[in-house]
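*Asks:* Sequence plus predicted model, see below.
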Amino acid sequence: MKGISVFVLVECHGCPYDGALYEVKLERKESEEAAGEAGVESPLPVLDSVFKFFDKSLALPKHCLFGSARLDSSKLYLIANGNPWPHNKRLTTPKCFVFDTVNSNSISALNFEHCISPPKAAKSVGALMSAYGMLYYLACPSCAPEMPKPSFECYDPATNSWQCLPPCPYRTMASPLMEVLGFAVCYGYILISFYNHNESAAMAFHIDTQKWHPVQVCQSKDAYPFRGRAVVVDGMIYALSWRQGQVIAFSFSGDSDGNCFLGAAISLQVRNTSHPPSPLRGMRTQSLVHLGRQDFCLIQTGRNEYSIEHQYMCATTFQILHKGGARVVRTLHSYVYQVDIKGGYFLVDFAFTPDYKDIEPEEKDCPIVPAKTESSSTLEDNKSKGECRFNVATARIENLIPIPTKMPIPS
């Protein structure tokens with residue numbers, strides 16, 4: 001893990017630019033492990049942006065909304081939409097850009113010359129997702145002034161073209177105004193995590209058949225919904241929960257009738273993270289990055305309680321290990337950086353490393369749960385949630401050893 005670069009894309013508010021990209025370089029020895037509360041360098045290293053966007057010469061609307069994703073490990077895609085608020089203005093055609101983070105010249109020049117074909121419809125609130133070499137762009141129900149058509153599209157880099165896809169059946173959920181919080185790519189599906197106030201749900205889009213499937217979720221208190229792009233390692237899905245510094249592990253499976261299931265989630269708290277000189281306040285945001293095998297990096301930030309001149313960005317590397325039949329978190333190293341902002345603040349949109357590709361298991365590797373028979377259906381439906389939790393996770397029950405789900409949250 002020596003010399004790994006993690007790129008962090010942020011969304012800026014109250015700043016003269018809409019967003020920025022930062023590069024965090026992780027350096028550590030394999031044998032190093034954090035003990036107790038991680039220390040902080042003095043003075044803190046200052047993190048300069050690799051680039052800021054969007055340039056005035058592009059003639060984009062002020063305060064753009066943007067979606068972002070990465071393909072082929074190193075290529076960063078950005079889709080810029082105008083902001084319809086506060087007057088519910090109709091959006092113009094979005095502009096799309098792509099950068100190769102391995103080739104520094106394509107970033108530092110800040111010329112945005114490499115453009116791709118725009119989607120067929122602008123989406124004021126949408127989720128840009130990558131899966132199996134394609135980009136998928138899904139509109140959320142809170143789009144203004146109306147739901148765009150098409151609301152779901154797929155981009156093929158080989159042909160530089162967009163294809164219309166069936167819309168997400170939002171109205172079949174408990175709350176039709178769900179927002180996309182996170183997604184995972186596995187077994188030929190895009191698994192999407194939705195949330196609205198106290199309601200959460202999951203849907204799975206099967207890429208080959210282009211069909212949406214509701215996902216039966218075995219509820220784990222304080223675990224779902226999951227956030228950001230999830231990581232698939234050895235048949236388990238790892239993602240951020242809604243709690244700060246908490247990772248959840250869960251399984252995804254299907255049956256021969258096309259039904260999809262999420263197993264009960266295991267909660268794992270990342271401890272011994274760095275503590276910046278000023279507590280992180282306000283809307284604290286975070287992103288999970290896979291560094292290969294069982295290694296991960298947690299990126300966190302929040303508003304500076306004592307200054308509007310700079311904000312802190314924290315990075316913590318850790319491993320998820322198996323000990324005594326249970327999963328445990330081993331913190332390796334923590335970093336704190338100072339980011340000069342001169343007023344305003346920023347939120348972490350997502351983070352990634354070009355050193356490792358996203359793991360996207362193929363459909364043939366999907367765990368299969370036996371489909372219900374007509375005679376057993378009534379009995380199955382009358383079982384408790386605890387029994388359901390066991391049945392859904394049966395394919396990997398050896399990995400779902402009970403672990404306390406209520407974990408103390410670091411202040």
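*Replies:* Received the coordinates, thanks. Numbering: from 1, shown residues only.
*Asks:* Dig out what the closest residue to M236 other than its chain neighbours forms beta bridges with.
*Replies:* Among residues not flanking M236 along the chain, A249 sits closest, at 5.2 Å (Cβ to Cβ, 6 or more residues apart in numbering). C-beta: built from backbone N, CA, C; applies to glycine. Bridge pairing for A249 (DSSP bridges) gives the partners Y238, I266.
*Asks:* So in that sheet, which strands flank the strand or helix carrying Y77, and in what orientation?
*Replies:* Using DSSP states H and E, Y77 sits in strand 75-81. Partner strands for strand 75-81, per DSSP bridges, with pairing direction: strand 65-71 (antiparallel), strand 95-100 (antiparallel).
*Asks:* which stretch among these comes nearest S161?
*Replies:* strand 95-100 (12.0 Å; Cβ to Cβ).
*Asks:* Return the distance of the closest one from the chain's centre.
*Replies:* The chain centroid and the centroid of strand 95-100 are separated by 19 Å, computed with Cα atoms, centre = their mean, to the nearest Å.
*Asks:* again, but for stretch 19-28
*Replies:* From the chain centre to the centre of stretch 19-28 is a distance of 17 Å (Cα atoms, centre = their mean).
*Asks:* What of stretch 254-272?
*Replies:* Worked out by Cα atoms, centre = their mean, stretch 254-272 lies 16 Å from the chain centre.
*Asks:* Any idea how far apart the tips of that stretch sit?
*Replies:* 37 Å (Cα to Cα, to the nearest Å).
*Asks:* Give the buried residues for it.
*Replies:* Within stretch 254-272, the residues scored as buried using 16 or more other Cβ atoms under 10 Å are 254, 259-272.
*Asks:* Of those, just say which sits nearest to G325.
*Replies:* Using Cβ to Cβ, the buried residues of stretch 254-272 come closest to G325 at I266, 12.2 Å.
*Asks:* Quickly note the distance from the closest one to F318.
*Replies:* 15 Å (Cβ to Cβ, to the nearest Å).
*Asks:* same thing with Q210?
*Replies:* Taking Cβ to Cβ, one finds Q210 at 38 Å from F318.
*Asks:* Neighbour count: the two, which is higher?
*Replies:* Neighbours were counted for Q210 and for F318 using other Cβ atoms under 10 Å; F318 has more, 26 against 12.
*Asks:* Wasn't that one part of a strand?
*Replies:* Yes. According to DSSP: H, G, I helix; E, B strand; the rest coil, F318 belongs to a strand.
*Asks:* From what I see, it and T331 are in contact.
*Replies:* Yes. F318 lies in contact with T331 (Cβ atoms under 8 Å); the separation is 4.8 Å.
*Asks:* overlap in contacts of the two?
*Replies:* Shared contacts of F318 and T331, defined by Cβ atoms under 8 Å, 6 or more residues apart in numbering, are found at V270.
*Asks:* which residues pair with Y137 across the strands?
*Replies:* L128, E153.
*Asks:* need the contact list for the most centrally placed residue in the chain.
*Replies:* With distances taken as Cα atoms, centre = their mean, G228 lies nearest the centre of the chain, 1.6 Å away. Contacts for G228 (Cβ under 8 Å, 6+ apart) come out as 181-182, 239-240, 286-288, 350.
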